[in-house]
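**Student:** With the input below, show me the fold.
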Amino acid sequence: MSAKIPLLLILSILSIFRILSILPMAKIIYKDEDGTSTEIIVDPEKSVLEMLEEAGIDYPFSCMAGACSTCKITVHKGKEDLKDDAFGTPMYPVDDNEVLSCICGVNKAFAENPDAVIELEKTEE
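**Tutor:** Numbers count the residues shown, from 1 in each chain. Model prediction:
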């Protein structure tokens, strides 16, 4: 009977690894001022700003409500995969290739696509 327990444990662990290997791995690529790129795994339950912060990126913000432009970020690829008003209503106008990262999130379909990529860069003032 003791031989069955390790076998079941091994099979369980293998199942977990198999499941993890097929989970969606959509990502955001953030390019900072000095050209360094950081790859961020997407969490559809968080704003772009929260994802940046969790990745260790010290991105500027102020109001956290879409009322100022401190957290404005430029989108180079994947604008159609972003939801501008996921966490609030934008009250500050931005250009077509920009979003307010404090209230912007990703579309669920994007987050579930393992090949999906959004490219962002700090907006030049």
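**Student:** gap between the residue most central in space within the chain and residue 89?
**Tutor:** Central residue of the chain (Cα atoms, centre = their mean): residue 42, 3.3 Å from the mean position. From residue 42 across to residue 89, the span is 22 Å (Cβ to Cβ, to the nearest Å). Any C-beta I mention is one placed from the backbone N, CA and C, and that applies to glycine too.
**Student:** about what we covered before: tell me the pLDDT at the residue nearest to the centre of the chain?
**Tutor:** On the pLDDT scale, residue 42 is placed at 88.
**Student:** For the remainder of this discussion, apply numbering that starts at 40.
**Tutor:** Sure thing, new numbering starts at 40, so read that last one as residue 81.
**Student:** How about the contacts made by residue 117?
**Tutor:** 149, 155, 156, 157, 158 (Cβ atoms under 8 Å, 6 or more residues apart in numbering).
**Student:** switch to 7 Å and redo it
**Tutor:** Taking Cβ atoms under 7 Å, 6 or more residues apart in numbering, we find residue 117 in contact with 156, 157, 158.
**Student:** Residue 144: which of these is nearest?
**Tutor:** Checking the contacts of residue 117 against residue 144 by Cβ to Cβ gives residue 157 as the nearest, at 11.0 Å.
**Student:** Isn't that closest one up against residue 118?
**Tutor:** No. Using Cβ atoms under 7 Å, residue 157 is not in contact with residue 118, being 8.1 Å away.
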